[in-house]
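Enquirer: okay, here's the prediction I keep looking at, along with the sequence it came from:
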Amino acid sequence: MGPPKKRDEDWFTGLYVAEYANIVRYGLRRLADPDASAELAQEVFVVAWRRRHEVPDRSLPWLYGVARRLLANHWRSRRAAPDVLLSPVPTWNGSPSRRVPTPPSGSPISGPRWRSSELDQEILRLIGWEELTVSEAAQALGCTRATAAVRLHRARRRFAEAMSDRPVQSQRRPVLAITREEL
């Protein structure tokens, strides 16, 4: 491997130019507001500059992970702190946004038939929309590759079940239904 590259302003400018649009699109798919997604991207790059010695050479999954954590922190703080004025829509730095991202219209995920966890939605977005590999999605999610692969498999299975006319029957029985003889 050789010595690490110099992480100066030129490096940061190259990173910013190369990945800014990707981070804004990431934010748009989760916030549905151009101003809020631009603000999110700016905050992501502030973190990238502060932690520039931690940014890997393949930086996009790492930047997605930063954006994901910034959004999670924002939503968590909104839940913890009561609003002085009741607002029907949470905000991200003053711009309207939504707690649960809205998928593109016409997307199967946007239909009322699939109510999934945020983790299911995020792993599918990272693989499908952001076009990351399972290893890169794992980096963005802050987990191992094996964990991300299992989450992806389960999310795809739940999604397929929700989109089919009849539910997929599980081959497993609940543990409590196993008799002593079967053990």
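Expert: Looks like it came in fine.
Enquirer: give the residue spans of the chain that score low on pLDDT.
Expert: Applying pLDDT under 70 to the chain flags residues 1-5, 80-116, 165-183.
Enquirer: for the nearest residue to R58 once chain neighbours are set aside, pull up the helix or strand it's in.
Expert: Ranked by CB to CB, 6 or more residues apart in numbering and with sequence neighbours excluded, the top spatial neighbour of R58 is E136, at 7.2 Å. Backbone N, C-alpha and C define where each C-beta goes, glycine included. Applying DSSP states H and E as the criterion places E136 in helix 134-141.
Enquirer: got a list of contacts for that helix?
Expert: Residues from elsewhere that reach helix 134-141 (CB atoms under 8 Å, 6 or more residues apart in numbering): 56, 58, 60-62, 64-65, 68, 122-123, 126-127, 130, 132, 144-145, 147-149, 151-152.
Enquirer: show me what the top helix by length along the chain is packed up against.
Expert: Criterion DSSP state H: the longest helix present in the chain is helix 9-31. With contacts taken as 3 or more CB pairs under 8 Å, 6 or more residues apart in numbering; DSSP states H and E, helix 9-31 sits against helix 34-50, helix 60-80.
Enquirer: give me the buried subset of the contacts of helix 134-141.
Expert: Among the contacts of helix 134-141, those buried by neighbour count (16 or more other CB atoms under 10 Å) are 60-62, 64-65, 68, 122-123, 126-127, 130, 132, 148-149, 151-152.
Enquirer: moving C-terminal of the helix holding E136, what's the next helix or strand?
Expert: Criterion used, DSSP H and E; the element after helix 134-141 is helix 145-163.
Enquirer: just want the angle from that following helix to helix 134-141.
Expert: In terms of direction (axes from the mean of the first three to the mean of the last three CA atoms, to 10 degrees), helix 145-163 departs from helix 134-141 by 90 degrees.
Enquirer: so which elements touch helix 145-163?
Expert: Using 3+ CB pairs under 8 Å, 6+ apart: helix 145-163 touches helix 118-128, helix 134-141.
Enquirer: what's the angle from the longest one to helix 60-80?
Expert: Okay, so that is helix 118-128. Going by the same axes, to 10 degrees, helix 118-128 makes 160 degrees with helix 60-80.
Enquirer: in stretch 19-28, what's buried?
Expert: Using 16+ other CB under 10 Å as the test for burial, stretch 19-28 gives E19, Y20, N22, I23, V24, Y26, G27, L28.
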